[in-house]
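> just to be clear, the model below is a prediction. Sequence and coordinates:
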Amino acid sequence: MAIPHFSLKNGSRAKGKSAGAHFSYLVREGRYEKTHHDLEYIRHENYPEWAQKNPIAFWNAADLYERVNGRTYTECEIALPRSLNKSDRVELLKDFLDEVFHTHFPYTAVIHNPIALDGKPNPHAHVMFSERAFDGVERPPETFFSRANKKHPEKGGAAKDRDWSKRTKVAELRQSWQLLTNEALERAGKRERVDLRSLKAQGIDRPPEPKLGQSRTAMYRKGIVTEAAQEVMQIRLIASHQKERAQVRRELGRAKIAQYKEKRKERTVEVSATEVLKMVKKVKRELYEKLDRNEKSQYELGGFKSRGVQEIRFHNTNDSFTLQRRAGLTTRHTQYEHELKDLKKYEKELLLVGDMTLEVREKGNWTEKSAIADPQEFDRSVGRAQEKQREQSMGQERGLSRTLSKEE
């Protein structure tokens with residue numbers, strides 16, 4: 001099962017967060033080296049020269065020189081699909097890093113793969129990065145984190161990219177990650193897909209799963225079950241049942257679709273596009289007549305048209321019955337116009353395909369395109385006819401040009 005999770009967070013001295021300490025936790029160094037053995041992958045990129053061989057120096061400098069309320073680091077925390085193997089997970093993360101960070105932002109990316117509450121692997125990635133874009137100008141640590149100087153970049157710090165502060169940024173990143181993840185799952189031959197929309201947007205009726213954090217997860221592994229852990233397990237049980245029901249619905253849906261296709265196949269007849277065109281033209285004339293009658297009724301109820309405006313307007317009235325009738329006529333007028341628009345489009349397409357034989361549903365409304373048994377094939381025929389028409393038109397233009405040239 002591909003577990004969807006993507007969050008963007010940041011740290012600063014004002015929040016009591018240390019960039020250096022967080023870096024050590026991510027790369028499992030210092031006091032985390034002996035207690036955490038789940039580091040699966042690590043990558044450092046885009047650091048200035050003085051931190052390339054020792055990236056923690058960059059984050060220690062951020063703690064020291066970044067202003068108190070300034071972000072010392074920003075971090076993407078991302079769940080990776082369990083069904084992907086290690087190399088596929090690494091390639092997926094690399095694709096995301098190359099697409100989002102390029103060569104601009106100093107970052108360290110890691111993949112951790114601890115054991116989750118359900119006893120299964122929990123592969124996930126952390127991308128810790130600076131919002132200060134590296135512009136190729138080498139600056140000492142004390143200058144790098146100072147205010148940028150637009151006129152003289154070498155005299156100021158590396159500029160922060162304000163794009164990271166936009167409200168839409170998280171949605172953009174989630175969309176990018178969702179697309180890349182689903183592409184990776186497809187390449188690996190996996191059927192599951194991730195959807196990073198909210199549960200409400202997906203039509204799923206259950207509360208979101210709360211995040212336990214390191215301490216409560218560690219307590220659970222020691223056999224101490226907190227209320228939060230109980231809530232997580234209960235929500236996961238609900239999600240599991242919902243998944244099973246959804247699978248049953250999908251299977252039933254596929255069966256119904258197959259039955260419908262079979263029935264539709266049995267109930268089709270062949271008819272000439274020319275015959276259908278005659279029917280369409282007849283219905284079009286009837287629609288114009290309906291529109292005329294409807295407009296007359298609107299005029300009788302105080303309707304009028306201003307110069308240059310197609311829409312019918314009404315003189316003011318307080319009579320509720322008149323207002324109700326006007327509303328009904330306006331709705332009907334809009335409906336007729338929509339039907340006429342669709343009919344005209346279908347008429348043009350039928351003219352293009354000529355006397356082509358159409359396979360239509362026996363009990364369908366033949367004056368509507370939806371009655372065609374294979375609308376995709378019909379659209380392809382229309383496309384071929386349009387292309388042929390364009391080629392003929394271009395040939396005529398070239399012939400006319402040659403004739404004019406000879407006359408000159």
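Arrived safely, thanks for sending.
> just checking, what packs against the strand or helix carrying Leu173?
Following DSSP states H and E, one finds Leu173 within helix 169-187. Packing partners of helix 169-187 (3 or more C-beta pairs under 8 Å, 6 or more residues apart in numbering; DSSP states H and E): strand 6-12, helix 86-100. The way it works is simple: take the backbone N, C-alpha and C, and place the C-beta from them, glycine included.
> distance to Glu275 and mean neighbour count added to these, as CSV?
Formatted as CSV, the helices and strands packed on helix 169-187 follow (distance: least, C-beta to C-beta, whole Å; neighbours: other C-beta atoms under 10 Å):
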stretch, distance to Glu275, mean neighbour count
strand 6-12, 55, 17
helix 86-100, 54, 17
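> would you list these in JSON lines and tack on distance to Asp379 and mean pLDDT?
Compiled in JSON lines, those are given as follows (distance: least, C-beta to C-beta, whole Å; pLDDT from 0 to 100):
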{"stretch": "strand 6-12", "distance to Asp379": "37", "mean pLDDT": "92"}
{"stretch": "helix 86-100", "distance to Asp379": "34", "mean pLDDT": "95"}
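> could you dump the ones you listed to TSV with distance to Gly119?
Converted to TSV, the helices and strands packed on helix 169-187 look like this (distance: least, C-beta to C-beta, whole Å):
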stretch	distance to Gly119
strand 6-12	24
helix 86-100	19
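> out of the ones you listed, nearest to Gly136?
helix 86-100 (18.5 Å; C-beta to C-beta).
> what's in contact with that closest one?
40-41, 43, 45, 78, 80-81, 84, 107, 109, 111, 123, 125, 127, 173, 176-177, 180-181, 184, 187-188 (C-beta atoms under 8 Å, 6 or more residues apart in numbering).
> what angle separates the helix or strand following it from helix 86-100?
Later in the chain than helix 86-100, the nearest helix or strand by DSSP H and E is strand 107-112. Here strand 107-112 points in a direction 160 degrees away from that of helix 86-100 (axes from the mean of the first three to the mean of the last three C-alpha atoms, to 10 degrees).
> in this structure, where is pLDDT below threshold?
1-3, 198-266, 397, 399-408 (pLDDT under 70).
> look up phi and psi at Val271.
phi -150, psi 150 (degrees, to the nearest 10).
> for the nearest residue to Glu337 once chain neighbours are set aside, grab the count of nearby residues.
Counting by C-beta to C-beta, 6 or more residues apart in numbering, Leu291 is the residue found nearest to Glu337 once chain neighbours are left out, at 7.4 Å. Other residues within reach of Leu291, judged by other C-beta atoms under 10 Å, total 16.
> so what does whichever helix or strand Glu347 is part of touch, helix or strand wise?
Per DSSP H and E: Glu347 is located in helix 320-353. Helix 320-353 sits against helix 273-300, helix 375-407, with contacts defined as 3+ C-beta pairs under 8 Å, 6+ apart.
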